[in-house]
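Novice: here is my input; please provide its structure:
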Amino acid sequence: MPDREPPGWPWLRECLQRLRQGTRPEAVPEAVPPAVVRTAVVTDSAAALPADWVREFAPDGRLTIVPMPVMAGAEIYGEGEDDIADTIAVALASGMPVKTSRPSPGQFEHAYLAAREHGFESVVSIHISGELSGTADSARLAAARVGIPVEVLDSRTVGMAQGMGVQSAVAAAAEGRNAAQVKAFAEERVARTKVYFYVPSLEQLRRGGRVGAAASLWGTMFSIKPILALEDGRIVPLEKVRSAAKAIARLEEIVAADASARPAGQARLAVHHFGNQAEAEQLAARLAVLLPECPTAQISALPAVLAAHAGLGVLAVIVGGELRPARRPPG
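Specialist: Below you'll find the model as predicted:
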């Protein structure tokens, strides 16, 4: 009696024959391997990034925030390292001198070397406007001293306008893009953001050299409540209003007009405050009514390094646009 083949052998022989011919029994799409994150992102604490978002990306070294020093009287604090919001608020209210400084090149050097130790091939370093701080200069000095390629970007902005650029850089890096592409992506996102803000007094901006003495005195004498903006990295006056209520209402109108002019559903808002959270929440609620297609504004306290110059009672609104990597680049 001839030996019978075990069940399934004919099918197995057919599969082997097809493999030899370079074919397969059926076309099965191959799974796309996950992108390898090759580029780390470094920024400074002026980016005002949400703490929960930072916690998601910082542990594996792909995102590092270098703290910016804040000096209240004779004491020096590090943003993000110390709980300094209340200290700065009390200092501002009491008239105590509050100053800021740029991080040292050594701090950036440490961040870049840490990225290399984590296995990253390059770094994109995104920083507060060079018109307001020398932070980007410190980053460039450090970049020249480390053995890992570093692309330094002066964001020409502050707060979550800078932060949105950082978020886009992290997203682009997660897609496997190289440092030049990550930097370009962040630069494009930042270019789409606008910063509008109201301050009850120009005095703190004058002390920090952000506005002239004449403008500060003029605003104080005539009880002017200015609406300011950032243009090409510098603080510029946008409008002058006679009362705080009218200034906030006008700020609301300016923001709504900007967001409405953007493609439907693509505007993104962030609201910063310092010492006046309730006002910020009320402003965000009114903007939500005016802009029903826009996601709810993110509300956060202004980082101390910015609050030190803007002062108590500041309301700032960042208007940005949605921008995400379309797909992972080949290779």
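Novice: if I look at F120, how far off is A139?
Specialist: Taking Cβ to Cβ, to the nearest Å as the criterion, F120 is separated from A139 by 16 Å. For the C-beta atoms, the positions are set from N, CA and C on the backbone; glycine is no exception.
Novice: between those two, point out the one with more neighbours.
Specialist: Of the pair F120 and A139, A139 is the one with more neighbours under other Cβ atoms under 10 Å, namely 30 against 22.
Novice: wait, a strand at the more buried one?
Specialist: No: secondary structure of A139 (DSSP: H, G, I helix; E, B strand; the rest coil): helix, not part of a strand.
Novice: G147 should be in a strand, yeah?
Specialist: No: residue assignment for G147, taken from three-state DSSP, gives coil, which places it outside any strand.
Novice: check contacts around it.
Specialist: Under the criterion of Cβ atoms under 8 Å, 6 or more residues apart in numbering, the contact list for G147 reads R116.
Novice: excluding its backbone neighbours, what's nearest V146?
Specialist: Excluding the flanking residues, the one nearest V146 by Cβ to Cβ, 6 or more residues apart in numbering is Y112, at 4.5 Å.
Novice: which SSE is that neighbour in?
Specialist: helix 105-117 (DSSP states H and E).
Novice: just list what that helix packs against, helices and strands only.
Specialist: Helix 105-117 makes packing contacts with strand 39-44, strand 63-66, strand 122-127, helix 135-143 when contacts are defined by 3 or more Cβ pairs under 8 Å, 6 or more residues apart in numbering; DSSP states H and E.
Novice: in that helix, what's buried?
Specialist: By neighbour count, and taking 16 or more other Cβ atoms under 10 Å as the criterion, the buried residues in helix 105-117 are P105, Q107, F108, E109, A111, Y112, L113, A115, R116.
Novice: stretch 44-56 too?
Specialist: Judged by neighbour count using 16+ other Cβ under 10 Å, the buried positions of stretch 44-56 are D44, S45, A46, A47, A48, L49, V54.
Novice: so where is the protein shaky, pLDDT-wise?
Specialist: When residues are selected by pLDDT under 70, those of the chain lie in 1-35, 80-83, 203-223, 323-331.
Novice: which stretches of it form strands?
Specialist: With DSSP state E, the ranges of strands along the chain come out as 39-44, 63-66, 69-72, 75-78, 98-100, 122-127, 150-154, 194-198, 225-231, 234-241, 267-273, 298-301, 315-321.
Novice: so which of those strands gets nearest G165?
Specialist: strand 122-127 (5.6 Å; Cβ to Cβ).
Novice: partner strands of that closest one and their direction?
Specialist: The strands that strand 122-127 pairs with in its sheet are strand 39-44 (parallel), strand 150-154 (parallel) (by DSSP bridges).
Novice: export the ones you listed as TSV, with columns for distance to A267.
Specialist: Putting the strands paired with strand 122-127 into TSV (distance: least, Cβ to Cβ, whole Å) gives the following:
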stretch	distance to A267
strand 39-44	23
strand 150-154	23
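Novice: return the most buried member of the ones you listed.
Specialist: Comparing the strands paired with strand 122-127 on average neighbours per residue, with mean count of other Cβ atoms under 10 Å, the densest one is strand 39-44 at a mean of 30.
Novice: give me the buried stretch members for stretch 186-196, please.
Specialist: With burial defined by 16+ other Cβ under 10 Å, the residues of stretch 186-196 counted as buried are A186, E187, R189, V190, R192, T193, K194, V195, Y196.
Novice: please save the CA atoms from it in PDB.
Specialist: In PDB, the C-alpha atoms belonging to stretch 186-196 read as follows (Å, rounded to 0.1, in the frame of the first residue of the first chain):
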ATOM      1  CA  ALA A 186       8.700  74.400  13.800                       C
ATOM      2  CA  GLU A 187       9.600  77.600  12.000                       C
ATOM      3  CA  GLU A 188       6.500  77.400   9.800                       C
ATOM      4  CA  ARG A 189       4.200  76.800  12.800                       C
ATOM      5  CA  VAL A 190       5.700  79.700  14.700                       C
ATOM      6  CA  ALA A 191       5.200  82.000  11.600                       C
ATOM      7  CA  ARG A 192       1.500  81.200  11.800                       C
ATOM      8  CA  THR A 193       1.100  82.400  15.400                       C
ATOM      9  CA  LYS A 194       0.300  85.800  16.800                       C
ATOM     10  CA  VAL A 195       0.600  87.100  20.300                       C
ATOM     11  CA  TYR A 196      -1.800  89.800  21.600                       C
END
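Novice: who's in contact with it?
Specialist: With contacts defined as Cβ under 8 Å, 6+ apart, stretch 186-196 is touched by 124, 126, 153, 155-159, 161-162, 164-169, 172, 227-230, 238, 251, 254-255, 258, 316-321, 323.
Novice: nothing else from me, thank you.
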